[in-house]
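1. Build the 3D model from these lines:
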Amino acid sequence: MTDANEAQMADLMQKYKQKLQGQLGVNLQESLNEQGVSKEYMEFQREYLPGHISLYEKLCNLSEKILTVKPDKQKEQELLESLEISHLNITPAGAASFAFLAPLALILSSIILSLFFLKSFFFVIFFMIVGFSIVKPLGKIPIFIANGWRLKASNQMVICIFYVVTFMRHTSNLELAIRFAADHIAPPLSLDLKKVLWDVETQKYPAVKDALEAYLETWRKWNVEFIEAFHLVEASLLEGNEDSRIATLDKSLDVILTETYERMLHYAQNLKTPITMLHMLGIILPILGLVILPLVVSFLKDVRWYSISLLYNIGLPASVYYLGKNILAKRPTGYGDTDLSEQEEFRKYANISIKFGKKEFVFTPMWFCIALGLAFLLVGFSPLILHRFVPDEAGWGFGELDETSTCLRKFCLLDYRTSESGKAIGPFGLGSSILSLFVIVGLGIAIGLYYKLRSKKVIEIRKTTEQLEQEFASGLFQLGNRLGDGSPAETSFEKVGRSMEGTISGNFFQLVGMNIRRLGMGVAQAIFDPRNGAIKFFPSKLIESSMKVLIESVRKGPKVAAVALMNISRYVKEIHKVNERLKDLMSDVLSSMNSQIKFLTPVIAGIVIGITSMVTTILGKLSLQMKHLSGGSDAGGALAGGFFGQGVPTFHFQIIVGLYVVQITYILTIIANGIENGSDKLNERYQMGNNMVRASVLYSIIAMLIMLSFNFIASKIMDPSLLGGIGS
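-> Sure, this is the predicted structure:
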């Protein structure tokens, strides 16, 4: 094309743009962003993408403007694939620029903060190590987001094929089948299917097959069975014989079920090594370190509590979380349940409701849990508050008289000691150590209750729904038989309900029958009426879609409806059977992880804290008694200080370890739920609530009992009268 032709074409396009702008009343240039994406699509996107992703997009775009860092070709291609899957509105260069600038900003700010304000070179070294360590993980954020999106979407793939096949058995139309599936599954796969239809409507692709093919290519690396199943669905459109068409559709569902089981089998077999690594890194090595740390901090004067906290409360949890994310990233297609609390009609169940007379007050559990947590924290940090306002702690203790003790008693509440520089260090007292447990109990109960209160009512509804769906297969089979025998749909519902009396699905069929008989409704209205429809009291996408298929197919005759319902019944049973086999595959790994979360980690950590308390008490008593035996001379104090440093108070040490127990419980719950259920946020919140309360309370009880027992043993060992006799 010559320059003259190009100029003429540009003028023509500009002319028609202006004409369109005048007719539509919009500025076409302003309605597109920098990448040529329409405002309408951006709004369509924002309905489903969470807020933290938008923040990440802004940071990446800002980083690219400040300093553009281009990844290598292989990395760029991987990032492009991830950005396409996760619908992120950034470039690979933006992601790479953020991964470079964010650690650089962290290192520079930490150097300034550490040298000029904290005056500690330790923080400089620590944050430099952290800065260099997070470059690679930050560069993989689009990949992690895409993996999370893929995990959510892949959990819905089996049910997606189920809906497509179910619809196409009675109506051989691919576009309507995709729309039917998109209406009955939750985001993110519903968003992807709507995007396929969107691309056809906006004429990006000429036909739905082309748009679907382009979308399926994005899954070739991860879910080949999903592509094969859809190809079989497309092949059914070309079958001239009705029996062959139905057989091809049945084959598509069989393919995704069989290959899903095989892929999950290999995943379970390969899971043992990474789970062992996770167990060693997250549980065994940190606990072994905790056993040694009391001696380290007692003999090395420069070790402070914040040094241990940076390692145990930032470094280790971040490493375990990163390793867990990599394990979940390799999880194949599975099954996941919809988070009902995200649906409009169930959001009220995620709140607390209190009735006063006729009025009902509804409020979020967040404020209640924050208030409860703050009350516990106030008790836990009370030793620090008491020392600030009442420095003289004489008599603030319990037990026999002890002249070598700061409180003149064998066991002190606070027990602040004076360092070589004259600064008060503590609290070392047994009472303070016991009170510090309230910090961990408060955090665990507050976080656990928040998740439990948000999910308890909704999870009960879902369990009822799951039970209904399990029974519903046999109910559909009976309903199909009734229709096949020529019985009209209006009377068949009540007959099936009577035969299944006492079951949840029987109640559903009876309610439909009552609406038809008593209220004079038709079948569709009896099921879907907004006010009295049976589906309103039995919320299930599976039941809703099955009934819609019934309504559509019954128009073609009772025989067609009978076959449709009996096949849905068969599909539901097959999906349930494969799902149970998958759970059996994961049982060994999950039982091991659950024992770590619910028992091993809190118990071992509690025992370690008890030992730490005893060692710290013994070393502290030795130091004070050596000074006392020397007549309180400076030489005696220097001699004691030369052998033993002041160490880290059990008060601080316990809070660090307890916080690690809370963190590791949180992380392992996410990983265990992800392995078992994929992206199931509702079950994750419910398990989080149970595990967090159980782990924090069990840890605190064990730590308190061991601390009390071991400190009484230590008091007998360090009896001043015995040491006094030795000294004389």
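
2. And for the residue nearest to residue 415 when sequence neighbours are not counted, the neighbour number?
-> The shortest distance from residue 415 to any residue that is not its chain neighbour, by C-beta to C-beta, 6 or more residues apart in numbering, is 3.5 Å, and that residue is residue 429. Using the backbone N, CA and C atoms, a C-beta is placed for each residue, glycine as well. Taking other C-beta atoms under 10 Å as the neighbour definition, residue 429 ends up with a count of 29.

3. mind checking the backbone torsions on residue 429?
-> Note on residue 429: its backbone torsions stand at phi -70, psi 150 [degrees, to the nearest 10].

4. same thing with residue 353?
-> On the backbone of residue 353 - angles per degrees, to the nearest 10 - the values are phi -120, psi 130.

5. what about it, distance to residue 463?
-> Per C-beta to C-beta, to the nearest Å, residue 353 is found 20 Å from residue 463.

6. same thing with residue 684?
-> Using C-beta to C-beta, which is the criterion applied here, residue 684 is 15 Å from residue 463.

7. Identify the residues contacting residue 146.
-> By C-beta atoms under 8 Å, 6 or more residues apart in numbering, residue 146 lies in contact with 81, 82, 83, 85, 86.

8. can you give me the helices in the stretch 301-450 of the chain?
-> Under the criterion DSSP state H, counting those that start in this stretch, the stretch 301-450 of the chain carries helices at the ranges 305-310, 316-329, 365-380, 382-389, 430-484.

9. Can you check the pLDDT for residue 377?
-> Note for residue 377: predicted pLDDT of 93.

10. give the contact list for it.
-> Under the criterion of C-beta under 8 Å, 6+ apart, the neighbours of residue 377 are 438, 439, 442, 443.

11. Residue 567 too?
-> Residue 567 is in contact with 166, 169, 250, counting by C-beta under 8 Å, 6+ apart.

12. what's near enough to touch the second one?
-> Shown here is residue 169, whose contacts under the criterion C-beta under 8 Å, 6+ apart are 246, 249, 563, 564, 567.

13. was I right about the residue nearest to residue 415 contacting residue 411?
-> Yes - with the criterion set as C-beta atoms under 8 Å, residue 429 and residue 411 qualify as a contacting pair; they are 7.1 Å apart.

14. in this structure, which helix or strand is least confident?
-> Of the helices and strands making up the chain, the lowest-confidence element is helix 634-643, at a mean of 46, by mean pLDDT, DSSP states H and E.

15. Next SSE downstream of that one?
-> Going down the chain from helix 634-643, the next helix or strand is helix 650-677, by DSSP states H and E.

16. tell me what the next helix or strand after that next one is packed against?
-> Tracing the chain past helix 650-677, the next element assigned as helix or strand by DSSP H and E is helix 681-717. Contacts of helix 681-717 with other secondary structure elements, assessed using 3 or more C-beta pairs under 8 Å, 6 or more residues apart in numbering; DSSP states H and E, are made with strand 409-412, helix 430-484, helix 601-629, helix 650-677.

17. Rebuild these as JSON lines, extending it with distance to residue 179.
-> Shown next, in JSON lines, are the helices and strands packed on helix 681-717 (distance: least, C-beta to C-beta, whole Å):
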{"stretch": "strand 409-412", "distance to residue 179": "72"}
{"stretch": "helix 430-484", "distance to residue 179": "23"}
{"stretch": "helix 601-629", "distance to residue 179": "48"}
{"stretch": "helix 650-677", "distance to residue 179": "27"}
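
18. Tell me which of the ones you listed lies nearest to residue 224.
-> Comparing the helices and strands packed on helix 681-717 against residue 224 with C-beta to C-beta, the closest turns out to be helix 650-677 (21.5 Å).

19. which residues of the stretch 1-150 of the chain score low on pLDDT?
-> Low-confidence regions of the stretch 1-150 of the chain, defined here as pLDDT under 70, cover residues 1-53, 118-120.

20. where along it do the strands fall?
-> Along the stretch 1-150 of the chain, no stretch is classed among the strands by DSSP state E, counting those that start in this stretch.

21. just to revisit the earlier point, buried ones among the contacts of residue 377?
-> 438, 439, 442, 443 (16 or more other C-beta atoms under 10 Å).

22. can I get the residues you listed in a markdown table with distance to residue 146 and pLDDT?
-> Formatted as a markdown table, the entries for those read as follows, by distance: C-beta to C-beta, whole Å; pLDDT from 0 to 100:
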| residue | distance to residue 146 | pLDDT |
| --- | --- | --- |
| 438 | 42 | 94 |
| 439 | 38 | 94 |
| 442 | 37 | 93 |
| 443 | 32 | 94 |
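
23. Can you tell me which of these is nearest residue 470?
-> Taking C-beta to C-beta as the measure, residue 443 is the one of these closest to residue 470, at 38.1 Å.

24. my read: the closest one touches residue 663, true?
-> No - taking C-beta under 8 Å as the definition, residue 443 is not a contact partner of residue 663, at 9.8 Å.

25. Check which residues of stretch 373-380 are buried.
-> For stretch 373-380, burial by neighbour count (16+ other C-beta under 10 Å) applies to 373, 376, 377, 379, 380.

26. ok, now stretch 484-500?
-> Within stretch 484-500, judged by 16+ other C-beta under 10 Å, the buried ones are 487, 489, 492, 493, 494, 495, 496, 497, 500.

27. Contacts made by that stretch with the rest, please.
-> Applying C-beta under 8 Å, 6+ apart, the contact partners of stretch 484-500 are 471, 474-475, 478-479, 482-483, 506-514, 516-517, 522-523, 526, 550, 554, 558-559, 561-563, 566.

28. Drop anything exposed from the residues you listed.
-> Buried by 16+ other C-beta under 10 Å: 471, 474-475, 478-479, 482-483, 506-514, 516, 523, 526, 550, 554, 558, 561-563, 566, out of the contacts of stretch 484-500.

29. Filter the residues you listed down to just the ones in helices.
-> With DSSP state H as the criterion, helices contain 471, 474-475, 478-479, 482-483, 506-514, 516, 523, 526, 550, 554, 558, 561-563, 566 from among the buried ones among the contacts of stretch 484-500.
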